[in-house]
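Mind folding the following:
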Amino acid sequence: MNMRHFRHDPKKKIPIFFFYLMALIFCLSPLLFSSPQIENLTLFTGREVGTYYSVGNTIKKILEKENPKLQILCEPSNGSMDNARLIETEKADLAIIQSDIAYYLSSGTRIFSLPCDRIKGISPLYSEAIHIVTKRTSGIKTIKDLKGKTVSVGLRKSGSEFNTRIVLNALDITYEDFVPRYEYSDSALKLLKEDRIDAFFVTTKVPASYLKEPFEEHNLALVSFKPNEIEKIIKAYPYFFSKNIAANSYSNQHEEVSTLGVRALLVANSQVKLKTLYKITKVLFDNKEKIKEEHPFISLNAKQAVSFMPIPLHRGAMKYYTDIGVVERQLFIFYFRFVILVLLIALFVFIILKIFPRKTQAFMKNFYVRFIIFLTLLIFLGSIGLYFLEKRINENFVSVSQSFWSCIVYVFSGFENRAPITSIGKLISIFIFIIGVSVFGIISGRFAAFFVEKALKKENAMPKNLKEHIVICNWNERGETIVKELHAADHFVDITILTDADIKDENELFKKKEYRNVHLARGDPAIHDRLETSKVHLARSVIILSNEVSQDPDAQSALIALAISKVCREKGEEVPHIVAEVLNHRKIHHLIDAGVNEVVCAINYGVGLLAQSTLHPGLTQVYDSLLSYSEDTNEIYVIEKEKIPSLLKGKTFSKASEIINKNGDANNPVILLGIMRNKVPILNPKKGEEKIKEDDDLLLLSYALPDLSGIK
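Next comes the predicted model:
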């Protein structure tokens, strides 16, 4: 093979490089040499002789002057209704529309069957007033005087005609009450001059230029709404607002006229690019003074653009308002108000807890109470959230009360015709709806469980979900008093009675309110399977009463204690706190050896009380008061070491008493009685024992369980 054919020829290097360079320039030429791309947008306004068209052309000139790449085609139309349809069908990029029409298009209510998410807000431009124009000689002084007259209501399906229809409907007046004519405002004015109609409606700015001269020349007048009429209309249609046409706005109009207003909005199609809409919004606000020079009635205000916009803002406009800090301020105000509201609710709850501590604690243990509180808070918070998300775009959320009612409907009835429009609003409403379905499920389940439990109780069976209850083993004449005392201290604690003895007047006994949460299990408490039936291994504590018919009651009590311990070990649960009644004080140590935590000997207490009462008459009443649970008596409470403030640790008994007294509550005074050290009570401790140690509990005397957390 001849290698010369593969030898590199340097002469060919330049032509090849030049070829590649020219190819690259050719490919990049559209980017390097093309002129800036022009963006064309269509702005629909109103009739060529109207305000919308004039304002639209001013906006067009300013936008094109400040942004040469933007070309605005300003098109006339029949007004707000036409413009709404053009936005809906994506034939318009920008438009000027009445606020109420924009809202109804966005929400899909009244005249529009479906919500339209294409219409987005830029800014309110100015307010418009409903004018009811007549002649002074027509005899029309009030809205009711229109009945029987010939009245132009505006061009059919125009914004003015829409306003006329809903305003009259709110006042119970229909087109059947007069002869309606469907005319442009200028045509209606001509007919009024010629006495061919008696009055006409038009929604326009104040003052309307085409009405200035005719007022004096043709002796025209404006009909005023009465205060109750305005209130009734705004209540029915919240996006109207009360507006006054100042005296002398028109020639020969010497008195102020009360009417209703709407806002003229500049809106955009959601398809307009964010960057383009941002520039448009910025140019408008940068040149608001120039716009005002040509149209003094226009007042561009960024705060109002966010606050008064009844439809969602375009992303570009929202970005501009965020950049200048307006949106943050609005959010700050919202969060500030929300925090204040939450603090007020918390203060109210705190006051209730302080005034009625025992009742409130018992009340809050009830499942239904807690569930209702949770559901109420959920609906309340959902209402607040939906109100702020939807108030400008959804008539079902224009006030907190309406928002709350919508949430109530979600819980109990479904969405009906109150569905939110915003994405976050939809998520909140779905969550509330799911909770509503759960409400009925839980309530139905609870009712079913109630009847099942009732049936189980008759069959001497225990509810399946029983735990943290108190088990009473055996039954004697002292049992009824024990149940009353337990429920006086805790209204909602479950109590299980396990006995094979006959209970006197059993049916009547279980009808008493004190036995509302009392369950009866039949059988010998010393038998393991009967203890399992009473769910002793899940119990909070156990009371063993003496079986007085037994030959050796204390021995049986010890046997029950041993059986309880074995059942708990087999179930892998901790042995509950066991308190036993003993008849023979010499057998106390046998019960303690069997696992009883505390032993109550009536003989020991009785003998001691007899001796003390002999020396100190009336002492039995003191013991009786201490052993009775009620709101009017004191009880002894044990404050466990975890709940004792660190301020009291290491203090002497007398110093701790002084601190507790200093921080006392007039409604629940507290007396420090002693210290519980290693489960041994030390009452009024002597010197050397009086310092409160880390592992000590406190013994207190008070009307209700005291809260020491606030001690300083």
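
Would you mind writing the CA trace of the one helix or strand G121 maps to as PDB?
If you go by DSSP states H and E, G121 is part of strand 119-135. Coordinates of the C-alpha atoms in strand 119-135 are reproduced here as PDB (Å, rounded to 0.1, in the frame of the first residue of the first chain):
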ATOM      1  CA  ILE A 119     -59.900  34.600  33.900                       C
ATOM      2  CA  LYS A 120     -57.200  36.100  36.200                       C
ATOM      3  CA  GLY A 121     -57.100  39.600  37.800                       C
ATOM      4  CA  ILE A 122     -54.500  42.300  37.200                       C
ATOM      5  CA  SER A 123     -55.900  45.300  39.000                       C
ATOM      6  CA  PRO A 124     -59.100  47.300  39.700                       C
ATOM      7  CA  LEU A 125     -59.200  50.500  37.600                       C
ATOM      8  CA  TYR A 126     -62.000  52.500  39.000                       C
ATOM      9  CA  SER A 127     -65.500  52.200  40.600                       C
ATOM     10  CA  GLU A 128     -68.700  52.400  38.600                       C
ATOM     11  CA  ALA A 129     -72.100  53.400  39.900                       C
ATOM     12  CA  ILE A 130     -75.600  52.200  38.900                       C
ATOM     13  CA  HIS A 131     -77.400  55.200  37.500                       C
ATOM     14  CA  ILE A 132     -81.200  55.300  37.300                       C
ATOM     15  CA  VAL A 133     -81.800  58.200  35.100                       C
ATOM     16  CA  THR A 134     -85.300  59.800  34.700                       C
ATOM     17  CA  LYS A 135     -86.900  63.200  34.200                       C
END
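
Mean confidence (pLDDT) on it, please.
For strand 119-135, the mean per-residue pLDDT is 91.

now do stretch 203-211
pLDDT averaged over stretch 203-211 gives 86.

and stretch 504-520, how far from the chain's centre?
42 Å (CA atoms, centre = their mean, to the nearest Å).

what's the first-to-last distance across it?
Its first and final residues considered, stretch 504-520 spans 13 Å by CA to CA, to the nearest Å.

Identify all contacting residues around that stretch.
Under the criterion CB atoms under 8 Å, 6 or more residues apart in numbering, residues 457, 460, 462-463, 466, 480, 483-484, 487, 492-497, 503 lie in contact with stretch 504-520. Every C-beta, even on glycine, is put in place using the N, C-alpha and C of the backbone.

Enumerate the positions of that stretch that are buried.
509-510, 514-515, 517-520 (16 or more other CB atoms under 10 Å).

Save the residues you listed as JSON lines, and put in secondary structure, pLDDT and distance to Q71 too.
What follows is the buried residues of stretch 504-520, written out as JSON lines (DSSP: H, G, I helix; E, B strand; the rest coil; pLDDT from 0 to 100; distance: CB to CB, whole Å):
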{"residue": "L509", "secondary structure": "helix", "pLDDT": "79", "distance to Q71": "92"}
{"residue": "F510", "secondary structure": "coil", "pLDDT": "77", "distance to Q71": "88"}
{"residue": "E514", "secondary structure": "helix", "pLDDT": "75", "distance to Q71": "86"}
{"residue": "Y515", "secondary structure": "helix", "pLDDT": "81", "distance to Q71": "86"}
{"residue": "N517", "secondary structure": "coil", "pLDDT": "81", "distance to Q71": "79"}
{"residue": "V518", "secondary structure": "strand", "pLDDT": "87", "distance to Q71": "85"}
{"residue": "H519", "secondary structure": "strand", "pLDDT": "86", "distance to Q71": "83"}
{"residue": "L520", "secondary structure": "strand", "pLDDT": "86", "distance to Q71": "89"}
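
Which single one of those is nearest to A188?
N517 (76.6 Å; CB to CB).

if I look at the closest one, how far off is R540?
N517 sits at a distance of 13 Å from R540 (criterion: CB to CB, to the nearest Å).

Residues that sit against both of these two, list them.
With CB under 8 Å, 6+ apart as the test, N517 and R540 both reach V493.

Using neighbour counts, trim the contacts of stretch 504-520 to the buried set.
Applying 16+ other CB under 10 Å to these flags 457, 462-463, 466, 480, 483, 487, 493-497, 503 as buried.

Point out the least confident one among the residues you listed.
When the buried ones among the contacts of stretch 504-520 are sorted by pLDDT, the bottom entry is K457 at 50.

burial count for the spatially closest residue to S77 that is not a sequence neighbour?
The shortest distance from S77 to any non-neighbouring residue, by CB to CB, 6 or more residues apart in numbering, is to F44 (4.8 Å). Other residues lying near F44 total 29 when counted by other CB atoms under 10 Å.

pLDDT below threshold where in the stretch 401-550 of the chain?
The stretch 401-550 of the chain contains residues with pLDDT under 70 at 413-418, 421, 439-440, 442-462, 489.

Just the helices from it, written as ranges.
423-458, 479-489, 506-509, 528-533 (DSSP state H, counting those that start in this stretch).

which residues sit in contact with the closest residue to S158 other than its chain neighbours?
Computed as CB to CB, 6+ apart, the closest residue to S158 that is not its neighbour in sequence is G79, at 4.9 Å. Counting by CB under 8 Å, 6+ apart, G79 makes contact with 46-47, 50, 52, 155, 158-160.

Next, format those residues as TSV and append distance to I280, neighbour count and secondary structure.
Formatted as TSV, these follow (distance: CB to CB, whole Å; neighbours: other CB atoms under 10 Å; DSSP: H, G, I helix; E, B strand; the rest coil):
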residue	distance to I280	neighbour count	secondary structure
G46	19	26	coil
R47	24	17	coil
G50	22	24	coil
Y52	17	28	helix
L155	29	21	coil
S158	26	25	coil
G159	23	28	helix
S160	27	26	helix
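
Of those residues, which is the nearest to V600?
The closest of those to V600 turns out to be G159 (CB to CB; 85.9 Å).

so that closest one makes contact with S77?
No. Taking contacts as CB atoms under 8 Å, G159 lies outside contact range of S77: 10.7 Å.

so how far is the first residue of stretch 574-590 from its last?
21 Å.

Identify the residues contacting it?
471, 478, 536-537, 539-546, 553-555, 557-558, 561, 564-565, 568-569, 591, 595-604.

all strands for the stretch 451-600 of the chain, in order.
For the stretch 451-600 of the chain, the strands defined by DSSP state E, counting those that start in this stretch occupy 470-473, 495-499, 518-522, 541-544, 577-582, 598-601.

Neighbouring strands of the fifth one in the sheet, and parallel or not?
To tie it back to what came earlier, the one meant is strand 577-582. Strand 577-582 has the following strand partners under DSSP bridges: strand 541-544 (parallel), strand 598-601 (parallel).

and what of the third one?
When sheet partners are counted by DSSP bridges, strand 518-522 sits next to strand 495-499 (parallel).

For A84, list the residues it contacts.
Residues counted as contacts of A84 (CB under 8 Å, 6+ apart) are 95, 97, 101-102, 105, 112, 119.
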